[in-house]
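In: Model the following, please.
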Amino acid sequence: MGNSLFFWLGGVVLLAVALWFWLSRSNGKQPSQPKVTRNNTPQAGTPSPGMAASRQAPATQPEPWRATAVPPALAAFSLTHSDSLSDISRGLLLARLKSIPRPPRSFQQLVSPDFLLRATSTELADLVLGEPLIAGKVLARVNSPVYGLQKPVVQIGQAVTYLGLNAVRGICVQYMLDESFKSDSPEIQKIFDDIWKAGALASDLCFRLGQKLRLPDPGVLSTHVVLSYVGHLAAAALLPKDVAVATAHAGLLERAQAEQSHLGVAACELARLLMHSWELPPDLIERVSIIDGVLVTPSHVTDSPMQAEQTGLSYLSARVGERLAQGQLDLPSDITDLEALGTDGFYLGSYMQLPHLQHCLQALQAPELNVAIERMLQTLNNQDAQAQA
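Out: Model prediction:
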């Protein structure tokens, strides 16, 4: 009897404690917790929760990017995807693109994903030697003052040894594509030459920045940057001559507006269509054609944080390369903030908040990087002067 009474009283006490605890929670008297404020209205350029959760935040973070009012010209513009063209418009555009000669068959192997990631220096040398004209141009470029070699290089294998596989591959990509873009018009040929100069500078800059920022496969990214200029070359070839000349040194937004007005799509979509007609790998086509899309796309719209970092670095390198080639910048270190890129850099700020890119602008100030780019720019300018003499 005594034990039963004891257990009964204990049960009553436990029930009373549980009731008190429940009433306390209902009246907001539970132990205090840190207050979390949630804003359910996403801001432009703010990474999505899934993106933020997929990476551990670094110890030191810059001020979060906040989108100000979108510049009116940018707000009024949207990129037209080639798939949205009517069958007639798409067919006419594809017919015009067929006038651009296909690059050598070996080009497909050179830019294939497997070759980009796993090719050895021997395999690259063998591939280039299969194109004697390209091999000669590569050796001439390698022996130019831009690389400062102590003695002449007479074999592709030596070039790979001295400069590295990525640098030689980038040169090969440019020269293989160079054969596809020739013009009888001096004005259009000058535009082609300036685009290739920009591509060479942007590719080298992307590789050096990628190494500094420890992004994976910077050599692959630098090749993507070179390929991103295919659309700009195609646009210069297809636009009315006066429009091509008038917009040659304009920013990306102004050029894209003119391209869509006259051709139906901008350069990045021309690149997509042209590379598809060349039967390049779909994944490569997608990676290359989205680079210029940073113009109108904040980072959180991109499929993954890593892809956003790669695309952001590629876009920055391409825009800086263009301005260096056109004489609008003297050195990469002239870019101390994204305002130097004008409207073209509006959404790029959201990419600079991603983990690997947070110190990208500081990396542009590195003395050794600027010395290397300055040497390349001087050599390219000297070659232009000699060609015009």
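In: which element is the closest residue to Ala318 other than its chain neighbours on?
Out: Nearest residue to Ala318, sequence neighbours excluded (Cβ to Cβ, 6 or more residues apart in numbering): Ala202, at 4.8 Å. Glycine gets a C-beta too; all of them are placed from N, C-alpha and C. Assigned by DSSP states H and E, Ala202 belongs to helix 186-212.
In: Return the distance of that helix from the chain's centre.
Out: 13 Å (Cα atoms, centre = their mean, to the nearest Å).
In: which is the next helix or strand following it?
Out: Per DSSP H and E, helix 186-212 leads on to helix 218-228 as the next helix or strand towards the C-terminus.
In: same for that following helix, what does it pack against?
Out: helix 113-118, helix 165-178, helix 186-212, helix 267-277, helix 282-289, helix 305-325 (3 or more Cβ pairs under 8 Å, 6 or more residues apart in numbering; DSSP states H and E).
In: returning to that earlier point: who are the packing partners of the helix holding Ala202?
Out: The contact analysis (3+ Cβ pairs under 8 Å, 6+ apart) places helix 186-212 against helix 165-178, helix 218-228, helix 230-238, helix 241-247, helix 305-325, helix 360-363, helix 367-388.
In: so what are the domain limits for this protein?
Out: Per automatic domain parsing, the structural domains of the chain span 102-180, 186-389.
In: Quick check: which ranges of the stretch 1-150 of the chain have low pLDDT?
Out: Along the stretch 1-150 of the chain, segments meeting pLDDT under 70 span 1-67, 146.
In: What is the neighbour count of Ile373?
Out: Neighbour count for Ile373, taken as other Cβ atoms under 10 Å: 22.
In: tell me the contacts of the residue nearest to it when sequence neighbours are not counted?
Out: Leaving aside its chain neighbours, Ile373 sits nearest to Pro332 (5.6 Å; criterion: Cβ to Cβ, 6+ apart). Contact partners of Pro332, counting by Cβ atoms under 8 Å, 6 or more residues apart in numbering, are Leu205, Val320, Leu324, Leu364, Leu369, Asn370, Ile373.
In: Identify the farthest-apart pair in these.
Out: The span of the contacts of Pro332, defined through Cβ to Cβ, is set by Leu324 and Leu369 at 12.4 Å.
In: Looking at the two now, which is surrounded by more residues?
Out: Legend: neighbour count by other Cβ under 10 Å for Leu324 and Leu369, higher for Leu324 (26 against 20).
In: can I get the helices and strands packed on helix 186-212 in CSV with distance to Lys212 and mean pLDDT?
Out: As requested, the helices and strands packed on helix 186-212 are exported to CSV (distance: least, Cβ to Cβ, whole Å; pLDDT from 0 to 100):
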stretch, distance to Lys212, mean pLDDT
helix 165-178, 14, 84
helix 218-228, 9, 92
helix 230-238, 26, 97
helix 241-247, 33, 97
helix 305-325, 10, 96
helix 360-363, 5, 96
helix 367-388, 7, 85
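In: Compile these into CSV and extend it with columns for distance to Leu97.
Out: Listed next are the helices and strands packed on helix 186-212 as CSV, based on distance: least, Cβ to Cβ, whole Å:
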stretch, distance to Leu97
helix 165-178, 14
helix 218-228, 15
helix 230-238, 7
helix 241-247, 16
helix 305-325, 21
helix 360-363, 34
helix 367-388, 27
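In: can you tell me which residues contact the most centrally placed residue in the chain?
Out: Taking Cα atoms, centre = their mean, the centroid of the chain lies closest to Ser314, which sits 2.3 Å from it. Taking Cβ under 8 Å, 6+ apart, we find Ser314 in contact with Cys206, Leu221, His224, Val225, Ser228, Ile291.
In: One more pass at 10 Å, please.
Out: Neighbour list for Ser314: 202-203, 206, 209-210, 221-222, 224-225, 227-228, 287-288, 290-292, 294 [criterion: Cβ atoms under 10 Å, 6 or more residues apart in numbering].
In: before we move on, the earlier item: can you give me the angle the helix holding Ala202 makes with helix 230-238?
Out: 170 degrees (axes from the mean of the first three to the mean of the last three Cα atoms, to 10 degrees).
In: which parts of helix 186-212 are buried?
Out: 188, 190-210, 212 (16 or more other Cβ atoms under 10 Å).
In: again with stretch 316-335
Out: Counting neighbours by 16+ other Cβ under 10 Å, the buried set in stretch 316-335 is 316-325, 329, 331-333, 335.
In: do the same with stretch 268-287
Out: Applying 16+ other Cβ under 10 Å to stretch 268-287 flags 268-275, 278, 280, 284-285, 287 as buried.
In: rewinding a little: buried deepest among the domains of the chain, which one?
Out: Among the domains of the chain, ranked by average contacts under mean count of other Cβ atoms under 10 Å, first place goes to domain 186-389 (a mean of 20).
In: Give me the distance from that one to the chain's centre.
Out: Distance of domain 186-389 from the chain centroid (Cα atoms, centre = their mean) equals 7 Å.
In: Wait, Ala366 touches Cys360, no?
Out: No: between Ala366 and Cys360 there is no contact under Cβ atoms under 10 Å: 11.0 Å.
In: Which neighbours do those two have in common?
Out: Residues touching both Ala366 and Cys360 by Cβ under 10 Å, 6+ apart: Leu209, Lys212.
In: contacts for stretch 118-128?
Out: Taking Cβ under 10 Å, 6+ apart as the rule, stretch 118-128 contacts 104, 106-107, 109-110, 112, 115, 134-135, 137-139, 155-161, 164-166, 168-169, 171-172, 175-176.
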